[in-house]
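> quick one, what's the 3D model for this:
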Amino acid sequence: MKRLLSIAALAIALAAVPFAPGGRAAEAAVGTNDVIANLWLWPWTSVATECTNVLGPAGYGAVQVAPPEDSIRVAGSPWWDIYQPAAYDLTSRMGTRAQFQSMVSACHNAGVKVYVDTVINHMTGAGQSNNTAYGPASFTNNYSYPSAGYTSADFHFYPADCPQPDNQIHDYNNQTEVWNCQLVGLSDLKTGSDHVRTRIAGYLNDLISLGVDGFRVDAAKHMPPADLAAIKGKLTNQGVYWAQEVMPGGSGSLAPAAYEGIGGVLEFTYATSLKAQFNGSIANLQTIGPSWGLEPSAKSTVFVSNHDTERNGSTLNYKSGATDTLANVFMLAWNFGTPNVMSSFTFSSNDQSPPANASGYVTAVTCGSGWQCQHRQRAIRNMVGFHNATRASTAVGNWWSNGANAIAFSRGTGGWIAMNNGTGALASRTYNTGLPAGTYCDVIHGDYNAAAHTCSGPTVTVNGSGQATVGVAAKDAVAIHADARVTATGISFTVSGAPTGNPVYLVGSVPQLGSWNTANALPMTASGANWTTTVSLPAGTGIEYKFITKTGSGTVTWEPGSNHTYTVPASGSGAISTTWNR
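Have a look, this model is predicted:
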């Protein structure tokens, strides 16, 4: 949603919106993949680098970027000032027009489409004394925006348009107020005017001319569907991705379904439903879909969180830790909608700016230093490949659950996943995977090398009956898919005599074994009294390793005694069978 005179005011406004309890296929193509990485408020130079080095290689189909138009510069540089446009030139907190165009080219060269968060319902907040923008825009907050081509005649006012004397929305079930009154004080454009429609379409067509492939339409619910259809009808590319922010609640012309004739919608009920189940029982997710009140899959862009919901508490967010990661893993494994992966910056207060200089311009991204970069997490990044491998396998099969917080399912012959959202380890058991016999990379814990057909982490063996025997640690998952099939056997590790009660992991001296970092230790599979895993290791390399156990809360117990040692054969294949040190 747009941003706003104050987060507090927005929270009050959103609280007043009736909220219904509870994929869309991308319409433009640079490549055929469809998962979106929402690099929200990243500067353009950092987005370009990320497309080249991470998003393209990982198989992301698109990147969603923050509103690129010139906006008001608010004291303290709160994040939401970019949702108060001052003009449609492309000088913003995130960079210049030239940097934006270079970013689009870099992303396209990496096979990644570019979707822009576009703010077209309104301009800046009315009645403010601040008339300073990040770029060259000239404007005043008494509805004069010469750089954008607007005068006061281009806005809605009481009594001709808005029935409220203060020009504000008071009743979010009142169609006239929602469409013609100001949302938390933001100057509401008269989108029924052909002049306004032409100015907005001119902005979007400018972006299209630079190669932009689609738009997230901010505050779409606050514009009549007919107005949005007329604006879209003026675009030079009618096939652009078009995802409209239509909050649930309301009926008739205010419902998300009313906007589906124009394009897709953002599926908020999906996100709130994931929070409810991942904080409850994920076994219920077996039926998530239209029967839960969701919009049709082909019209839905789904997400675990976005920049509004991660702050207002209606969904999970990066502060939810492993639960947030598992919810994203589920979204990428399930067969609904077009997934949008949120990549957050760190915040401790609602209005907090992303890392920026003293003037408010966002500085280069360093993951882990003010930026969360969830899209880079191995489990999430590699599940993009799972999603791509299973897109043609629409059906979910081989469903299993323990009735609570452990589930497993397949996606045709394309992939299979087991998830454990519980606080204790899920004991090893045999599952029907639906996959052909073979050895597969567990992409949650290892990276697949497509050229060498090897896996940097543990593997899962599927027998001739399509079955695999797998155990899953607490707050963890195991996932395999047809595009990550391992042909090299690697080194199999088997340990007996380990303590009972908690899952066993392998950690060692080389990167493939976590480089002694227990957070990167490889989970092993229980097989009777033994624990096993198979790892691809560099031929001829001498390694040291140990076994550890981890509790559901992450407490580590090291195997006592000296490190085990081993030299990987020149063939890269071998088997190690040992006993837990006493």
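> for the protein, which segments count as helices?
For the chain, helices defined by DSSP state H occupy the ranges 7-16, 44-50, 56-58, 97-109, 175-180, 194-209, 225-233, 268-278, 309-312, 322-333, 378-390.
> in the protein, where is pLDDT below threshold?
1-29, 488-489 (pLDDT under 70).
> middle-most residue in it, spatially?
In the chain, the centroid-proximal residue (CA atoms, centre = their mean) is Val341; its distance is 0.7 Å.
> residue contacts, that one?
Listed by CB atoms under 8 Å, 6 or more residues apart in numbering, the contact set of Val341 reads 35-38, 60, 303-304, 328, 331-332, 374-375, 380, 384. Where C-beta positions appear, they are placed from N, C-alpha and C, glycine not excepted.
> ok, now with 10 Å
For Val341, the contacting residues are 35-39, 60, 64, 303-305, 328, 331-332, 374-377, 380-381, 383-384, by CB atoms under 10 Å, 6 or more residues apart in numbering.
> what of Ile120?
Neighbouring residues of Ile120 by CB under 10 Å, 6+ apart: 2, 67, 69, 85, 88, 189, 191, 196-197, 199-201, 203-204, 215, 217-220, 223, 227-228, 231.
> swap the cut-off to 7 Å and go again
Contact partners of Ile120, counting by CB atoms under 7 Å, 6 or more residues apart in numbering, are 200, 217.
> likewise the one 10 residues further on?
The contact partners of Asn130, taken as CB under 7 Å, 6+ apart, are 72, 74.
> how is this structure divided into domains?
Split into domains by automatic domain parsing, the chain comes to 7-390, 396-579.
> nearest spatial neighbour of Trp558, skipping sequence neighbours?
Ile548 (5.3 Å; CB to CB, 6 or more residues apart in numbering).
> hey, what's that neighbour bridged with?
Tyr505, Trp558 (DSSP bridges).
> surely it and Thr557 touch.
Yes: applying CB atoms under 7 Å as the test, Ile548 and Thr557 come out as touching, 6.3 Å apart.
> which one of these two has more residues nearby?
Ile548 (19 against 14; other CB atoms under 10 Å).
> just the strands in the stretch 151-300 of the chain please.
With DSSP state E, counting those that start in this stretch as the criterion, the stretch 151-300 of the chain has strands at 186-188, 214-217, 241-244, 264-266, 300-303.
> typo on my end, the stretch 1-150 of the chain
For the stretch 1-150 of the chain, the strands defined by DSSP E, counting those that start in this stretch occupy 36-39, 62-65, 113-118, 122-125.
> neighbouring contacts of the last one?
Under the criterion CB under 7 Å, 6+ apart, residues 2, 5, 72, 84-86, 139, 141, 145, 148, 150, 183, 185-189, 219 lie in contact with strand 122-125.
> in PyMOL, select just the buried ones from those.
Here is the PyMOL command that selects the buried residues among the contacts of strand 122-125 (16 or more other CB atoms under 10 Å):
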select buried, resi 2+5+72+84+85+86+139+141+145+148+150+183+185+186+187+188+189+219
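> okay, Asn581 and Gln512: tell me how far apart.
22 Å (CB to CB, to the nearest Å).
> just checking, Ala570 touches Thr541?
No: contact between Ala570 and Thr541 fails when scored by CB under 7 Å: they sit 10.4 Å apart.
> which one of those two is surrounded by more residues?
Between Ala570 and Thr541, counted using other CB under 10 Å, the more crowded position is Thr541 (13 against 8).
> which ones are touching the more buried one?
By CB under 7 Å, 6+ apart, the contact list for Thr541 reads 510, 568.
> redo that, cut-off 8 Å
So Thr541 contacts 510, 567-568 (CB under 8 Å, 6+ apart).
> backbone dihedrals for it, please?
phi -90, psi 140 (degrees, to the nearest 10).
> can you start the count at 5 instead of 1 from here on
Noted, 5 is the first residue going forward, which turns the last one into Thr545.
> what sits closest to Asp451 if chain neighbours are left out?
What sits nearest to Asp451 in space, not counting adjacent residues and going by CB to CB, 6+ apart, is Ser460, at 4.5 Å.
> from Tyr509, how far off is the one you found?
Ser460 sits 15 Å away from Tyr509, going by CB to CB.
> of the two, who's got more company?
Between Ser460 and Tyr509, Tyr509 has the larger neighbour count (other CB under 10 Å), namely 24 against 19.
> the more buried one contacts Leu526, correct?
Yes: Tyr509 is within contact range of Leu526, at 6.1 Å (criterion: CB atoms under 8 Å).
> how many other residues sit next to Met423?
27.
> next: Ser285.
Neighbours of Ser285 (other CB under 10 Å): 18.
> please name the nearest non-neighbouring residue to it.
Ala408 (5.3 Å).
> wait, what's in contact with that neighbour?
Ala408 touches 285-287, 426, counting by CB under 8 Å, 6+ apart.
> circling back: neighbour count: Asn585 and Gln516, which is higher?
The residue with more neighbours, out of Asn585 and Gln516, is Gln516; 24 against 15, by other CB under 10 Å.
> which residues sit in contact with the more buried one?
Gln516 makes contacts with 460-461, 539-542, as judged by CB under 8 Å, 6+ apart.
> again, 6 Å this time
460, 539, 541 (CB atoms under 6 Å, 6 or more residues apart in numbering).
> what do you get for Gln132?
Asn145.
> how much space between it and Gln68?
To Gln68, Gln132 is 28 Å away according to CB to CB.
> kindly report the same for Val511.
Distance from Val511 to Gln68, by CB to CB: 37 Å.
> more neighbours: which of the two?
Taking neighbours as other CB under 10 Å, Val511 and Gln68 compare with Gln68 leading, 27 against 22.
> pretty sure the more buried one sits against Tyr119.
Yes: when contacts are counted by CB atoms under 6 Å, Gln68 is listed as touching Tyr119 (4.6 Å).
> not including adjacent chain positions, what is the nearest residue to Ser348?
Per CB to CB, 6+ apart, closest to Ser348 is Gln376, 4.3 Å.
> just checking, that neighbour touches Ser324?
No: using CB under 6 Å as the test, Gln376 is too far from Ser324 to be in contact (11.4 Å).
> just to revisit the earlier point, need the contacts of Thr545 in TSV with distance to Ala422 and neighbour count, can you?
Below are the contacts of Thr545 laid out as TSV (distance: CB to CB, whole Å; neighbours: other CB atoms under 10 Å):
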residue	distance to Ala422	neighbour count
Val514	27	17
Thr571	34	12
Val572	29	21
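> distance of the spatially closest residue to Asp487 that is not a sequence neighbour from Ala454?
Nearest non-adjacent residue to Asp487, counting by CB to CB, 6+ apart: Ala393, 4.2 Å away. Ala393 sits 11 Å away from Ala454, going by CB to CB.
> please apply the same query to Ser81.
43 Å.
> what does Ala412 give?
25 Å.
> what does Asn316 give?
From Asn316 across to Ala454, the span is 41 Å (CB to CB).
> more crowded one of these two?
Remark: of Asn316 and Ala454, Asn316 carries more neighbours, 15 against 10, as counted by other CB under 10 Å.
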